[in-house]
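# fold the following.
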Amino acid sequence: MGSQAHGHIIKHGFEKDVYVQNSLVHMYATFGDTEAATLIFQRMYYVDVVSWTSMIRGFNKCGDVESARKLFDQMPEKNLVTWSTMISGYAQNNHFDKAVELFKVLQSQGVRANETVMVSVISSCAHLGALELGERAHDYVVKNGMTLNLILGTALVDMYARCGSIDKAVWVFEDLPERDTLSWTALIAGLAMHGYSERSLKYFATMVEAGLTPRDITFTAVLSACSHGGLVERGFQIFESMKRDHRVEPRLEHYGCMVDLLGRAGKLEEAERFVLKMPVKPNAPVWGALLGACRIHKNAEIGERVGKILIQLLPQHSGYYVLLSNIYANAKEWEKVTEMRQMMKAKGLKKPPGHSLIELDGRVHKFTIGDSSHPEMDKIERMWEEILMRIRAAGYRGNTADALFDIDEEEKESALHRHSEKLAIAFGMMRSEAGTPIRIVKNLRVCEDCHTATKLISKVFGRELIVRDRNRFHHFRQGLCSCMDYW
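Numbering: from 1, shown residues only. Predicted coordinates:
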């Protein structure tokens, strides 16, 4: 249809009109046809801010943020829409650090951001787990008198929750001038992530009493809260009420929550029956929740059945081979462990490298296994050796069997103490004041050895450590973890 309109424009001699050209660039860029958009853009005798911005938006939509940034840097003049387009492009394409850095450039050039820009910046801080940067962004919103609308307010609630400051998330939520289902859901999900199941359910009940209609994403958060709290009966009551009371058809993610709920409670046989009786075909995450429960409860029989199903469903997903390997290792079935490793090697499968982020003094530091490029790595390693000596005195013994399979590069005993979160903890201990919490974000699930070590660190050094991994938040205090050793 768009191409036909373009042909009509050429036929009637309108193609040199700047407004028409801008419309064509915008059309092709919106459809993701950056090649056609670029061709028109390069032929334009007069290019204005609208033309540049349309091109940048098109490249961002296609995930080509490098080309978008090149155009952005070439622009002779930029307006706020252009800045917003580039920053949101970074955020939407998971380049969260670049979104935050570009916001800093915007500030240095005296440009005043608006609510749209701040939503992208605050969301980026949330993904990075950068609390200090998020607080600065919040201060910017307040100092510039921005309206705390539903979208911006919800972004702030989500940011504080994801950055490990759940009390501030609650404070922002309570202070919102208005709330919708998404803002309630953000807080309910945040409380669930942190293991505050009862508080999460209380907010859900209050939301329903206020006359707001829960959405499918709301129920995912609520059922997750039940799972983290081991509230099996309550979870089933809420699950059954979805369709009956709220006209929300359960989706696969809701069934996955129920499997996780049963698995966390150790009801593995019941969980397996639940999956087999589902009215919809279970997908990999549903089976994966059961496999994870088998690892925690060391049930090799069900774990093997589920693991084989998952490998058939997703033969290129390395994580399921690793989980099944761990289950076999705990059962001391070494031949099957070797078989899993050989299968992974034959298929060329490797687990994504683990990395951990820690924010100090408004800067996010990244630690990746096998990467020694951090300028203070020598000091960090010496700090870790000191930590290791003290937790060994308190009874720590490295879990080398688990380390062989939890993380690909961290397979050998010599690398056990170079897991990314351990390096991040050492750096945090080295650079932060005694008594202050250390916050870390990891892209993968925390391995059992790191979990054990972090509990001991919190006890021996009297520090609170808050770790957000792929599954949830872990609050380590006085030798205990909020996850109750199930994650």
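
# gap between residue 379 and residue 441?
Going from residue 379 to residue 441 by CB to CB, to the nearest Å gives 22 Å. C-beta coordinates here come from the backbone N, C-alpha and C atoms, glycine included.

# residue 85 too?
Distance from residue 85 to residue 441, by CB to CB: 27 Å.

# which ones are touching residue 204?
184, 188, 214, 218, 221-222, 225 (CB atoms under 8 Å, 6 or more residues apart in numbering).

# switch the residues you listed over to a markdown table; also include neighbour count and secondary structure.
Output for those, formatted as a markdown table (neighbours: other CB atoms under 10 Å; DSSP: H, G, I helix; E, B strand; the rest coil):
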| residue | neighbour count | secondary structure |
| --- | --- | --- |
| 184 | 25 | helix |
| 188 | 30 | helix |
| 214 | 22 | coil |
| 218 | 24 | helix |
| 221 | 24 | helix |
| 222 | 29 | helix |
| 225 | 30 | helix |
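
# for residue 30, state which of these is nearest.
Using CB to CB, residue 218 comes nearest to residue 30 of those, at 31.3 Å.

# touching, that closest one and residue 185? I think so.
Yes: counting by CB atoms under 8 Å, residue 218 touches residue 185, with 4.5 Å between them.

# can you list the low-confidence ranges for the chain?
Under the criterion pLDDT under 70, the flagged ranges of the chain are 1-21, 45, 400-417.

# what about the strands in it?
According to DSSP state E, the chain carries its strands in the segments 355-360, 363-368, 438-442, 465-468, 473-477, 480-481.

# report the angle between the first one and strand 438-442.
Calculated by axes from the mean of the first three to the mean of the last three CA atoms, to 10 degrees, strand 355-360 forms an angle of 150 degrees with strand 438-442.

# sorry, back to before: residue 379 and residue 441: who's more crowded?
A count of neighbours by other CB atoms under 10 Å puts residue 441 above the other of residue 379 and residue 441, at 26 against 14.

# distance of that one relative to residue 362?
Following CB to CB, the distance that separates residue 441 from residue 362 is 16 Å.

# about what we covered before: could I get the strands of the chain as CSV with distance to residue 459?
Putting those into CSV (distance: least, CB to CB, whole Å) gives the following:
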stretch, distance to residue 459
strand 355-360, 20
strand 363-368, 23
strand 438-442, 14
strand 465-468, 11
strand 473-477, 9
strand 480-481, 8
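
# for residue 29, which of the ones you listed is the nearest?
Here strand 363-368 is closest among the strands of the chain (CB to CB), at 31.2 Å.

# which strands or helices does the closest one pack on?
strand 355-360, helix 420-431 (3 or more CB pairs under 8 Å, 6 or more residues apart in numbering; DSSP states H and E).

# can you give the strand pairings for the first one, parallel or anti for each?
Applying DSSP bridges, strand 355-360 is found paired with strand 363-368 (antiparallel), strand 438-442 (antiparallel).

# pick the most deeply packed of those.
Of these, the one with the most neighbours on average (mean count of other CB atoms under 10 Å) is strand 438-442, at a mean of 25.

# now that one, how far from the chain's geometric center?
The chain centroid and the centroid of strand 438-442 are separated by 12 Å under CA atoms, centre = their mean, to the nearest Å.

# one more: stretch 274-289?
23 Å.

# what residues of it count as buried?
Neighbour-count burial for stretch 274-289, counted by 16 or more other CB atoms under 10 Å, picks out 274-275, 282, 284, 286-289.
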